[in-house]
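Participant: Below are the sequence and a predicted model; questions follow.
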Amino acid sequence: MDLLLLEKTLLGSFVAVLVAIFVSKLRGKRFKLPPGPLPVPVFGNWLQVGDDLNHRNLADLARKFGDILLLRMGQRNLVVVSSPDLAKDVLHTQGVEFGSRTRNVVFDIFTGKGQDMVFTVYGEHWRKMRRIMTVPFFTNKVVQQYRYGWEDEAARVVEDVKKNPESATNGIVLRRRLQLMMYNNMYRIMFDRRFESEDDPLFNKLKALNGERSRLAQSFDYNYGDFIPILRPFLRGYLKICKEVKERRLQLFKDYFVEERKKLGSTKSMSNEGLKCAIDHILDAQKKGEINEDNVLYIVENINVAAIETTLWSIEWGIAELVNHPEIQKKLRDELDSELGPGHQITEPDTYKLPYLNAVIKETLRLRMAIPLLVPHMNLNDAKLGGFDIPAESKILVNAWWLANNPANWKNPEEFRPERFLEEEAKVEANGNDFRYLPFGVGRRSCPGIILALPILGITLGRLVQNFELLPPPGQSKIDTAEKGGQFSLHILKHSTIVAKPRSF
């Protein structure tokens with residue numbers, strides 16, 4: 001019986017390959033498609049490459065098939081770009097043609113089918129949302145208005161860590177306190193609100209719902225139903241959970257934050273721009289009829305996901321690398337002491353005169369890129385790329401991690417070596433001035449949060465290194481930096497225990 005089953009399986013596979021070749025030849029008459037593994041009917045390349053389309057696996061495929069390759073994932077075309085020149089073409093030269101976003105069954109739920117800014121298609125709605133979000137979130141005026149709050153939150157972290165007797169002996173999971181800090185950084189901007197402690201019930205409710213949203217959205221478990229629509233009925237349970245989480249999150253945003261701010265606005269004059277927080281500006285746009293209530297809530301959704309967690313991941317990676325490279329940590333501490341003076345706590349303006357601190361941040365973002373494939377792009381119409389035809393509505397992945405870690409483009413890229421950004425790569429910046437290094441993307445769909453993320457990273461890492469010697473827990477020479485990837489993200493697999501020994505000045 002087993003032999004018969006094997007025979008049928010082999011025969012079926014043989015027929016499938018013949019059909020795939022036939023279909024490929026037919027399509028080849030119309031399209032000159034990028035190279036890639038041979039697809040089979042229905043499944044395409046899904047059975048060959050699996051669900052886990054992470055940055056490292058896609059880099060391995062690029063080594064085999066080239067800087068542009070095509071994967072047929074069920075009924076979806078997935079084009080992977082792995083060279084600076086092709087990245088420039090997608091993100092800059094043909095930024096309009098490739099400026100849209102792909103849809104998937106889960107992100108359709110969490111974004112109301114593109115009612116947000118990050119995942120909406122390129123067009124008038126995106127331009128309107130980007131404009132409405134820029135003034136209250138992504139300008140130098142916002143940095144100057146809120147940097148005192150960021151410095152205050154970092155000071156509170158230092159104070160709380162010093163008060164915890166475990167921190168200097170067995171160590172603590174520092175991420176937990178930093179998570180509260182990041183929520184306070186962004187909720188101060190959004191709602192002029194902060195949470196007093198890690199035990200705050202509202203903070204824990206919010207954190208739990210955001211964490212569940214992130215887990216559901218980043219999982220590869222739903223790919224089969226997304227790639228192959230006929231299998232979508234099997235996702236009913238998964239999608240039902242997604243809808244429930246989405247509804248609970250948006251209701252929480254509305255009841256505890258948006259409506260509370262509306263009430264405050266009705267009793268207190270907001271005519272003075274200095275009193276306005278981000279949600280006030282966004283609610284003004286709603287009153288003018290530029291956006292609706294759902295758009296307001298999806299803007300809050302974007303900030304909760306795109307601003308808080310990604311910056312937190314980068315802080316966590318930076319700490320991990322400094323713990324595992326004590327010589328780099330010492331060099332950074334020496335710079336802080338010599339440039340600012342022992343005991344002078346780093347402020348946002350100080351971050352611009354500390355080249356080694358900036359090099360540490362750049363190197364963290366290079367080696368441990370929070371969004372290694374950027375947010376996927378899509379071409380609404382048939383397009384050309386690298387001499388190949390790209391069928392309409394293809395999902396375009398720019399492997400930004402591989403651009404920044406390809407040994408053909410970087411010297412010893414596997415090493416954590418901040419000095420590279422003071423030596424051979426001194427002219428490379430995080431703003432996308434070099435297409436080998438795109439931690440925030442570049443062009444129309446780049447991440448505007450760069451203007452907030454870089455100073456927050458500088459203040460946080462600077463304060464921690466100034467005030468503590470950061471070490472692995474007793475009995476360990478290093479902390480574990482194994483990676484955990486998702487649909488878009490790259491964060492540390494295990495939230496590490498860190499020993500933070502206070503310094504005396």
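Facilitator: Cool, the structure landed.
Participant: Could you use CA atoms for every contact and neighbour count after this?
Facilitator: Noted.
Participant: Correct me if wrong: Ile319 contacts Leu461.
Facilitator: Yes: using Cα atoms under 8 Å, Ile319 is in contact with Leu461, at 7.2 Å.
Participant: Overlap in contacts, those two.
Facilitator: Here Ile319 and Leu461 share no contacting residue, scored by Cα atoms under 8 Å, 6 or more residues apart in numbering.
Participant: tally of neighbours for Arg503?
Facilitator: For Arg503, the count of nearby residues is 12 (other Cα atoms under 10 Å).
Participant: number of nearby residues for Ser504?
Facilitator: Ser504: 9 surrounding residues under other Cα under 10 Å.
Participant: Please name every helix or strand in contact with the one helix or strand Arg249 maps to.
Facilitator: Element membership for Arg249, per DSSP states H and E: helix 236-253. When contacts are defined as 3 or more Cα pairs under 8 Å, 6 or more residues apart in numbering; DSSP states H and E, helix 236-253 packs onto helix 105-110, helix 201-218, helix 293-302.
Participant: Show the average pLDDT along it.
Facilitator: For helix 236-253, the mean per-residue pLDDT is 97.
Participant: Extract the CA atoms of it and return them as PDB.
Facilitator: Extracted in PDB, the C-alpha atoms of helix 236-253 (Å, rounded to 0.1, in the frame of the first residue of the first chain):
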ATOM      1  CA  ARG A 236     -11.600  31.100   9.600                       C
ATOM      2  CA  GLY A 237     -10.600  30.600  13.300                       C
ATOM      3  CA  TYR A 238      -7.400  32.500  12.900                       C
ATOM      4  CA  LEU A 239      -9.100  35.400  11.200                       C
ATOM      5  CA  LYS A 240     -11.900  35.500  13.700                       C
ATOM      6  CA  ILE A 241      -9.300  35.900  16.500                       C
ATOM      7  CA  CYS A 242      -7.600  38.700  14.500                       C
ATOM      8  CA  LYS A 243     -10.900  40.500  14.100                       C
ATOM      9  CA  GLU A 244     -11.600  40.200  17.800                       C
ATOM     10  CA  VAL A 245      -8.200  41.600  18.800                       C
ATOM     11  CA  LYS A 246      -8.600  44.400  16.200                       C
ATOM     12  CA  GLU A 247     -12.000  45.500  17.600                       C
ATOM     13  CA  ARG A 248     -10.800  45.400  21.200                       C
ATOM     14  CA  ARG A 249      -7.700  47.400  20.400                       C
ATOM     15  CA  LEU A 250      -9.500  50.100  18.500                       C
ATOM     16  CA  GLN A 251     -12.200  50.300  21.200                       C
ATOM     17  CA  LEU A 252      -9.500  50.700  23.800                       C
ATOM     18  CA  PHE A 253      -7.800  53.500  21.800                       C
END
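Participant: Quick one: distance of that helix to the chain centre.
Facilitator: 21 Å (Cα atoms, centre = their mean, to the nearest Å).
Participant: tell me which residues of that helix are tucked away?
Facilitator: Across helix 236-253, burial judged by 16 or more other Cα atoms under 10 Å covers 239, 242-243, 245-246, 249-250, 252-253.
Participant: For burial, what's the neighbour tally of the residue nearest to Phe98 when sequence neighbours are not counted?
Facilitator: Distances taken as Cα to Cα, 6 or more residues apart in numbering place Asn379 nearest to Phe98, at 4.4 Å, with adjacent residues excluded. The burial count assigned to Asn379 is 26, neighbours taken as other Cα under 10 Å.
Participant: cool, and the one 5 residues further on?
Facilitator: Burial measure for Lys384: 16 neighbouring residues, criterion other Cα under 10 Å.
Participant: helix/strand/coil for it?
Facilitator: Here Lys384 is strand, with the state taken from DSSP: H, G, I helix; E, B strand; the rest coil.
Participant: Low-confidence regions, the stretch 401-505 of the chain specifically.
Facilitator: Judged against pLDDT under 70, the stretch 401-505 of the chain has no low-scoring part.
Participant: rewinding a little: let me know the angle separating the helix holding Arg249 from helix 293-302.
Facilitator: Relative orientation of helix 236-253 and helix 293-302, computed by axes from the mean of the first three to the mean of the last three Cα atoms, to 10 degrees: 100 degrees.
Participant: what does helix 236-253 contact?
Facilitator: By Cα under 8 Å, 6+ apart, helix 236-253 touches 105-106, 109-110, 206, 209-210, 212-213, 216, 222, 297-298, 300-301.
Participant: Secondary structure element for the nearest residue to Asn170 once chain neighbours are set aside, which one?
Facilitator: Counting by Cα to Cα, 6+ apart, Asn170 lies nearest to Pro473, which is 5.9 Å off, once chain neighbours are set aside. Counting by DSSP H and E, no helix or strand carries Pro473.
Participant: Okay, Pro473 and Ile172: tell me how far apart.
Facilitator: With distances taken as Cα to Cα, to the nearest Å, Pro473 is found 9 Å from Ile172.
Participant: Now do the shared contacts for these two.
Facilitator: With Cα under 8 Å, 6+ apart, Pro473 and Ile172 have common neighbours 497-499.
Participant: In helices only, show me those residues.
Facilitator: Counting by DSSP state H, no part of those is found in helices.
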